[in-house]
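Participant: Got a sequence here, can you build the structure:
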Amino acid sequence: MTAAGTATTGDVRPGYVLWFTGFSGAGKSTVAGLVAARLRGLGAPLEVLDGDEVRTHLTKGLGFTKSDRDTNVLRIGWVAGLLSRHGVGVITAAISPYADIRAQVRAMTTNFTEIFVDAPLEECIRRDVKGLYARALADEIPHFTGVSDPYEPPAHPEIHLRTSSSTPEECAAEVLAYVRSKGWLAGADQTP
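Facilitator: Alright, predicted model coming up:
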């Protein structure tokens, strides 16, 4: 180990952050869950920071104003940064609607990979099992991304998943191929 606490030799796995962003209902959590299951099966150290779960435990009390959303995403990014600097893979599935905040998260993490989970808003509304879009369209939920608040799609994501034309399994396979191509599974069983 060096004075800074980073390994200098040996079979050390680099940390990384797989940041899934997109509309509610685009398929972020579904694809992230498939990727997480496969990476864990390969023996990779991994933590999943799902947007809904984080709001329950880490950012409880925050609303959905731009300021609160920014705080929520930056807190997730801070935790992801800590973990990734210590050799842990991190998967985050959070709407994270604002490009400038995602850029700040990129700067505070190791091996940040922006994954745009892209589905047309109409498709997300059709898939909405929680009824959130119906409530937002009826003005019952203020500051709802895609309805009454903007979503700024990534200009140059490392991975662009189109979930209206690809299955969740196909999308997960694309993410896993990217992780393997970067060598982030050092020492893990990398067989498909």
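Participant: same question for stretch 153-168, mean pLDDT?
Facilitator: The predicted model assigns stretch 153-168 a mean pLDDT of 97.
Participant: Hmm, W184 is touching V17, no?
Facilitator: No. With contacts counted by C-beta atoms under 8 Å, W184 stays clear of V17, the gap being 10.3 Å. Using the backbone N, CA and C atoms, a C-beta is placed for each residue, glycine as well.
Participant: where do the contact lists of these two overlap?
Facilitator: Common neighbours of W184 and V17, using C-beta atoms under 8 Å, 6 or more residues apart in numbering, are 89, 111.
Participant: didn't I76 look like it was pressed against D50?
Facilitator: No. Look at I76 against D50 with C-beta under 8 Å: they stay out of range, at 9.5 Å.
Participant: Compare the two (neighbour count), which wins?
Facilitator: I76 (25 against 19; other C-beta atoms under 10 Å).
Participant: Assign that one to helix, strand or coil.
Facilitator: helix (DSSP: H, G, I helix; E, B strand; the rest coil).
Participant: and the gap between it and E53?
Facilitator: Distance check for I76 against E53: by C-beta to C-beta, to the nearest Å, it reads 10 Å.
Participant: quick one: contacts of the helix or strand of the chain with the lowest mean pLDDT?
Facilitator: Scoring the helices and strands of the chain by mean pLDDT, DSSP states H and E places helix 51-57 at the bottom, with a mean of 74. Helix 51-57 is touched from outside by 28-29, 62, 72, 75-76, 92-96, with contacts defined as C-beta under 8 Å, 6+ apart.
Participant: In this protein, what residue spans correspond to helices?
Facilitator: For the chain, the helices defined by DSSP state H cover 28-41, 51-57, 66-85, 99-107, 121-127, 132-137, 168-181.
Participant: Switch these over to TSV; also include distance to I115.
Facilitator: Supplementary listing: the helices of the chain in TSV, determined by distance: least, C-beta to C-beta, whole Å:
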stretch	distance to I115
helix 28-41	8
helix 51-57	14
helix 66-85	13
helix 99-107	11
helix 121-127	16
helix 132-137	22
helix 168-181	6
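Participant: one step back: W184 and V17: who's more crowded?
Facilitator: With neighbours defined as other C-beta under 10 Å, W184 and V17 compare such that V17 has more, 26 against 21.
Participant: My guess is the more buried one contacts S84. True?
Facilitator: Yes. Counting by C-beta under 8 Å, V17 does reach S84; the two are 5.1 Å apart.
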